[in-house]
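J.: Dropping a prediction and its sequence here:
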Amino acid sequence: MRFSVYQVSRKGGREKNEDRMGYCYTRDAGLFALADGMGGHPEGEVAAQLALQTMAAAFQREAKPQLKNPLRFLQESILAGHYQLLRYATDKSLVDTPRTTMVGCLMQGATAYWAHCGDSRLYLVRDGVLLARTRDHSYTELQETLSQVVPIDARFNRSVLFTCLGSPGKPVIDTVGPIQMQAGDRVLLCSDGLWSVLSDDEIVSTFAARPISDGVPELVEQALRQGGPHCDNVTVLAVEWEAAEDRDSLSGVSTQSLGEDVFASTIQASMADATLPDLDEAEIERSIREINEAIQRTSKKGR
């Protein structure tokens, strides 16, 4: 397996950067993930980092050197991050749970799989053409999807989501795959700081026209310029997949020489500490109940 990867994250006009991204790989599989901590809730940067660490820990444990069921892995590792946020909130006695969106892409062999929760996006581009894009878990995108079936008069704020990690209800996680990859296919993961100010056409044209090491920084700069002084965090992680038999390419990462037990990661996490809890439904409900009780206690004190 061979791939080229490039990532950029900028704070923009916000006080802090609550986006997190990273990738990890074994000889036969690569995981690329991005999370966007949500404003309006506490410790968004912690939520994003914890979700990434949870997924990376699961990948390290299960990719030996491949995953047996990639789609199930994506579902379960994202859901495990959600449970970790509930546990974190109860352990810290927070009156609200840190929340984050998330998108992850797994490349294994000559196939790709991806999953997302919220409005962090994935774009798949082949020969300059957009082949696929995730659909945001927002009321605006839902309205656009259903408008041809059921007319809806209400207008929603595009930033209002109906699901995310860390919310009281079980998150919605959409998965896609397997998708057969071709040499030169490009995958772009981004936070809403990019796509909220650049159209899909603008993103695809800039992303496809240059090497990813040039195109990704240019996209981020375009978003910062158009977003103005109060723009959101802008984070992009891009991957170009190359066929394993493409011996002429000198750029990127080649995993061919790695041993079966070798694991590499850019996600900063102590894997020994990032153990995943085996939470049953009763324990999940207990976590949610404790959070709600803490909120009620705080509300009574403020009266």
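T.: Nice, thanks for sending it over. All values reported here derive from a predicted model rather than from experimental measurement.
J.: quick one: the particular helix or strand that has Asp201 in it to chain centroid distance?
T.: Following DSSP states H and E, one finds Asp201 within helix 200-209. How far helix 200-209 lies from its chain's middle: 20 Å, per C-alpha atoms, centre = their mean, to the nearest Å.
J.: what's that helix packed up against?
T.: Packing contacts for helix 200-209, counted by 3 or more C-beta pairs under 8 Å, 6 or more residues apart in numbering; DSSP states H and E, involve strand 121-126, strand 129-133, strand 186-190, helix 212-227. All C-beta spots, glycine's among them, are computed from the backbone N, C-alpha and C.
J.: Give the buried residues for it.
T.: Taking 16 or more other C-beta atoms under 10 Å as the basis for neighbour counts, the residues of helix 200-209 that come out buried are Glu202, Ile203, Val204, Thr206, Phe207, Ala208.
J.: what separates the first one from Leu189, distance-wise?
T.: Plainly put, Glu202 is 17 Å away from Leu189 if you go by C-beta to C-beta, to the nearest Å.
J.: do the fifth one as well
T.: Computed as C-beta to C-beta, the Phe207 to Leu189 distance reads 12 Å.
J.: Return every residue with contacts to both of the two.
T.: Ala238 (C-beta atoms under 8 Å, 6 or more residues apart in numbering).
J.: quick one, the helix holding Asp201 and helix 212-227 angle?
T.: With axes from the mean of the first three to the mean of the last three C-alpha atoms, to 10 degrees as the basis, helix 200-209 and helix 212-227 are set at 150 degrees to each other.
J.: and Arg61, what element?
T.: helix 44-62.
J.: Provide the partner residues of the most centrally placed residue in the chain in its beta bridges.
T.: Nearest to the geometric centre of the chain sits Val103, at 2.4 Å (C-alpha atoms, centre = their mean). Beta-bridge partners of Val103, counted by DSSP bridges, are Leu34, His116.
J.: Could you pull up the contacting residues of it?
T.: Neighbouring residues of Val103 by C-beta under 8 Å, 6+ apart: 33-35, 114-118, 120-122, 134, 189.
J.: where's it relative to Asp174, distance?
T.: Taking C-beta to C-beta, one finds Val103 at 10 Å from Asp174.
J.: residues bridging contact with these two, i.e. touching both?
T.: Residues touching both Val103 and Asp174 (C-beta under 8 Å, 6+ apart) are Ala115, His116, Cys117, Thr134.
J.: Which pLDDT value goes with the second one?
T.: In this case it means His116. His116 carries a pLDDT score of 98 in this model.
J.: Counting neighbours, what do you get for it?
T.: Neighbours of His116 under the rule other C-beta atoms under 10 Å: 27.
J.: The chain: strands as residue ranges?
T.: Counting by DSSP state E, the chain has strands at residues 2-10, 19-25, 29-37, 100-108, 111-117, 121-126, 129-133, 174-180, 186-190, 234-242, 253-254, 264-265.
J.: In the protein, where is pLDDT below threshold?
T.: 140-159, 243-251, 268-303 (pLDDT under 70).
J.: now do 50
T.: 146-147, 149-150, 243-250, 270-281, 284, 287-288, 295, 298-299, 302-303 (pLDDT under 50).
J.: Number of residues surrounding Pro65?
T.: Residues lying near Pro65 (other C-beta under 10 Å) number 18.
J.: Chain neighbours aside, what residue packs nearest to it?
T.: Spatially, and ignoring its direct neighbours in sequence, Pro65 is nearest to Thr26 (3.9 Å; C-beta to C-beta, 6 or more residues apart in numbering).
J.: Provide a list of residues in contact with the one you found.
T.: So Thr26 contacts Ala63, Lys64, Pro65, Gln66, Thr255, Leu258, Glu260, Val262, Phe263, Ala264 (C-beta under 8 Å, 6+ apart).
J.: In these, which residue is surrounded by the most others?
T.: Most surrounded of the contacts of Thr26: other C-beta under 10 Å gives Ala63, at 24 neighbours.
J.: That residue contacts Ala29, doesn't it?
T.: Yes. If you go by C-beta atoms under 8 Å, Ala63 and Ala29 touch, sitting 4.8 Å apart.
J.: And the nearest residue to Thr54 once chain neighbours are set aside, how close does it get to Met21?
T.: Across the structure, with C-beta to C-beta, 6+ apart as the measure, the residue nearest Thr54 apart from its sequence neighbours is Gly81 (4.1 Å). Counting by C-beta to C-beta, the gap from Gly81 to Met21 is 14 Å.
J.: Kindly reformat the contacts of Thr26 as CSV containing distance to Val216.
T.: Formatted as CSV, these follow (distance: C-beta to C-beta, whole Å):
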residue, distance to Val216
Ala63, 26
Lys64, 31
Pro65, 28
Gln66, 28
Thr255, 22
Leu258, 25
Glu260, 32
Val262, 27
Phe263, 25
Ala264, 21
